[in-house]
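**Student:** Requesting a structural model of the entry that follows:
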Amino acid sequence: MPRAGSAQPIPAPPRTPRTRLQHLATVLLGALFLSWPAFYNGFPLLYPDSMTYLDDGRTVARAVFLHQFSQYYGVRSFFYSLGILPFHWNITPWPIVFLQSVMVAWVLWLVVRSVTPRRTHLLYLAVVLTLSLLTGVSWFSVFVMPDVLGPLVYLSFYLLVFAPETLSRAERFSLYPIAVWGITAHATHLVLAAGLILLLALYAAVERRRFLPRIKSVAETAAILAVAAAAQLALHGYLYGKPSLNGERPPYLMARVIADGTGRQYLETHCPQVQFAICNRMPLHSTDPDDMLWGDDGAFAGASDDERDQMGQQEMPFVKAVVRAYPREQLFKSAANFRDQLKAFGIYGFDPSPWLLDQFNTVLPQARSSYLASRQQRSLLPLDQFSAIQSFAVNASLVIVAVSIPLLWRRPNPKLIGLSVIVVAIVIANALLTGVLSMVDDRYGCRVIWLIPLLAALFLLHWLDSWEAGKQIQVRANQEKPA
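**Tutor:** Alright, predicted model coming up:
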């Protein structure tokens with residue numbers, strides 16, 4: 001029996017074939033809400049890397065299914081390329097919008113329902129519509145990039161660890177392929193997922209009272225990670241003859257420390273004595289690691305194949321040497337990069353690109369005219385305005401979360417506590433990983449920052465649900481009082 005004055009959530013209504021159809025229709029409507037930036041743009045949103053993902057799928061598929069091997073498969077995630085290949089076949093990327101929007105809508109449906117099982121359809125649509133208009137989740141749902149899959153991994157882990165009782169068997173099984181694909185879709189997703197599992201294991205140990213069921217759920221997420229890692233190792237081993245989690249990864253960290261200035265200073269001072277291949281690419285003028293890797297005159301892009309191989313092999317010895325030579329300077333620079341990345345989450349990165357347009361001739365020749373008519377290609381997307389809207393939404397959400405924490409302390413809700421731990425950890429770890437090890441970029445922050453407004457919305461729904469449940473309990477108590 002609940003104690004007087006407590007507000008116990010009312011269980012969700014039983015699931016019938018009719019309610020399942022209603023759920024499906026609601027999720028599809030949510031996916032439509034999330035798709036609006038593509039319709040507004042007149043074409044799915046693209047990034048230069050999008051064309052690589054679209055093109056590499058054919059090469060990898062020929063190797064996997066037809067045993068027609070190639071000398072080069074690209075440097076992006078093969079699993080994302082393979083996953084989207086059946087949805088475009090190098091004809092049109094529009095089906096990818098449907099795929100990603102439905103996946104996001106589905107996971108959000110399960111998350112919202114886990115917190116507020118009553119009137120879920122209406123409240124879910126309110127949450128999705130609000131997020132789609134005020135945050136970047138809708139922009140990334142229609143973005144032909146794997147960025148949106150990372151948050152789906154973290155939300156799936158929340159559902160499996162903190163809300164397993166809200167999932168049917170089919171719903172639980174639906175999360176497995178989503179999480180595996182999300183982890184394999186980008187290297188940062190794998191690292192963040194691994195760190196999150198360690199954090200959840202620590203949380204289960206601290207919680208103690210629910211240690212056994214919680215650690216069992218954490219083991220389930222660890223099994224998902226193991227499957228994803230094994231798939232990476234197997235595919236790279238099949239293609240290259242050597243198992244690897246990263247494949248032919250460019251030396252991101254080498255470019256990062258050189259751009260920070262410490263690496264450049266080390267090279268200018270020590271190149272006469274050391275035998276690093278990067279010394280052959282001196283002098284280095286760019287302070288942008290992206291330019292150093294991919295620019296026409298970049299140290300990596302302009303190097304020969306042998307020099308690139310040497311740079312990859314010498315990356316970690318070079319970085320260790322730089323850190324040993326300038327530990328204090330590198331620490332301060334990395335801390336500044338982390339701070340800057342934590343504050344960088346604007347809806348940017350959708351500018352027109354001449355290289356991207358040129359790739360249409362070989363990657364999506366039939367869709368070139370449609371892309372030329374898009375707002376993205378004509379630089380007509382109001383990115384500054386939507387970035388300002390998202391900034392306001394995030395700041396307002398932080399206030400809501402801060403106000404809700406004392407209330408949550410008095411009336412603990414394990415689901416919201418668990419989701420809060422995950423969201424805060426992911427936002428911080430994402431900024432640390434990308435800002436310190438790669439580069440500061442609004443796209444990196446924007447792909448996870450919408451989790452904060454989602455958390456704030458769930459807090460509000462929880463308090464609304466608790467308030468209504470408390471009122472019903474009070475009404476029943478008054479009715480049971482003797483006359």
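**Student:** mind showing which ranges of this protein have poor pLDDT?
**Tutor:** 1-15, 284-286, 296, 468-470, 472-483 (pLDDT under 70).
**Student:** Show residues contacting stretch 209-228.
**Tutor:** The contact list for stretch 209-228 (Cβ atoms under 8 Å, 6 or more residues apart in numbering) reads 157, 160-162, 164, 176, 179-180, 183-184, 190, 193-194, 196-197, 200-201, 203-205, 207, 414. All C-beta atoms are positioned from the backbone trio N, CA, C, and that covers glycine.
**Student:** Go again with 7 Å.
**Tutor:** 157, 160-161, 164, 176, 179-180, 183-184, 190, 193-194, 197, 200-201, 204-205, 207 (Cβ atoms under 7 Å, 6 or more residues apart in numbering).
**Student:** Generate a PyMOL selection restricted to the buried subset of the residues you listed.
**Tutor:** To isolate the buried ones among these in PyMOL, judged by 16 or more other Cβ atoms under 10 Å, type:
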select buried, resi 157+160+161+179+180+183+184+190+193+197+200+201+204
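**Student:** What strand or helix carries Arg62?
**Tutor:** helix 48-66 (DSSP states H and E).
**Student:** Quick check: next helix or strand after that helix?
**Tutor:** Following helix 48-66 toward the C-terminus (DSSP H and E): helix 78-84.
**Student:** Give me the distance from that following helix to the chain's centre.
**Tutor:** 16 Å (Cα atoms, centre = their mean, to the nearest Å).
**Student:** Outside of the helix or strand that it is followed by itself, list whatever touches it.
**Tutor:** Going down the chain from helix 78-84, the next helix or strand is helix 94-115, by DSSP H and E. Residues from elsewhere that reach helix 94-115 (Cβ under 7 Å, 6+ apart): 12, 26-27, 30-31, 34-35, 38, 44, 84, 87-88, 120, 123-124, 127-128, 137, 141-142, 144, 148, 152, 155-156, 158-159, 163, 166-167, 171, 178, 415-416, 458, 461-462.
**Student:** Which among these count as buried?
**Tutor:** 26-27, 30-31, 34-35, 38, 44, 84, 87-88, 120, 123-124, 127-128, 137, 141-142, 144, 148, 152, 155-156, 158-159, 163, 166-167, 171, 178, 415-416, 458, 461-462.
**Student:** how about the helix or strand containing Ser132 as PDB, C-alpha atoms only?
**Tutor:** Element membership of Ser132, judged by DSSP H and E, is helix 120-134. Provided in PDB are the C-alpha atoms of helix 120-134 (Å, rounded to 0.1, in the frame of the first residue of the first chain):
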ATOM      1  CA  THR A 120       1.200   8.200 -23.900                       C
ATOM      2  CA  HIS A 121       0.100   8.900 -27.400                       C
ATOM      3  CA  LEU A 122      -0.700  12.600 -26.900                       C
ATOM      4  CA  LEU A 123       2.200  13.300 -24.600                       C
ATOM      5  CA  TYR A 124       4.600  11.500 -26.900                       C
ATOM      6  CA  LEU A 125       3.500  13.500 -29.900                       C
ATOM      7  CA  ALA A 126       3.900  16.700 -27.800                       C
ATOM      8  CA  VAL A 127       7.400  15.700 -26.900                       C
ATOM      9  CA  VAL A 128       8.500  14.700 -30.400                       C
ATOM     10  CA  LEU A 129       6.900  17.800 -32.000                       C
ATOM     11  CA  THR A 130       8.600  20.100 -29.400                       C
ATOM     12  CA  LEU A 131      12.000  18.400 -29.900                       C
ATOM     13  CA  SER A 132      11.700  18.400 -33.700                       C
ATOM     14  CA  LEU A 133      11.000  22.200 -33.700                       C
ATOM     15  CA  LEU A 134      13.400  23.400 -30.900                       C
END
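**Student:** what's in contact with that helix?
**Tutor:** Against helix 120-134 from outside (Cβ under 7 Å, 6+ apart): 22, 26, 29-30, 33-34, 36, 105, 108-109, 112-113, 116, 137-138, 389-390, 393, 450, 453-454, 457, 461.
**Student:** quick one, it and helix 94-115 angle?
**Tutor:** 130 degrees (axes from the mean of the first three to the mean of the last three Cα atoms, to 10 degrees).
**Student:** after helix 120-134 comes which helix or strand?
**Tutor:** Next along from helix 120-134, by DSSP H and E: helix 137-141.
**Student:** per-domain residue ranges of the protein.
**Tutor:** Split into domains by automatic domain parsing, the chain comes to 29-235+344-475, 252-337.
**Student:** is it possible to export these to a markdown table including distance to Arg18?
**Tutor:** Converted to a markdown table, the domains of the chain look like this (distance: least, Cβ to Cβ, whole Å):
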| stretch | distance to Arg18 |
| --- | --- |
| domain 29-235+344-475 | 13 |
| domain 252-337 | 51 |
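**Student:** Out of these, which is the most enclosed?
**Tutor:** domain 29-235+344-475 (a mean of 19; mean count of other Cβ atoms under 10 Å).
**Student:** show me what contacts Ala438?
**Tutor:** Heads up, residue 438 is Ser, not Ala. So Ser438 contacts Tyr252, Arg256 (Cβ under 7 Å, 6+ apart).
**Student:** measure it to Ala456 for me?
**Tutor:** 28 Å (Cβ to Cβ, to the nearest Å).
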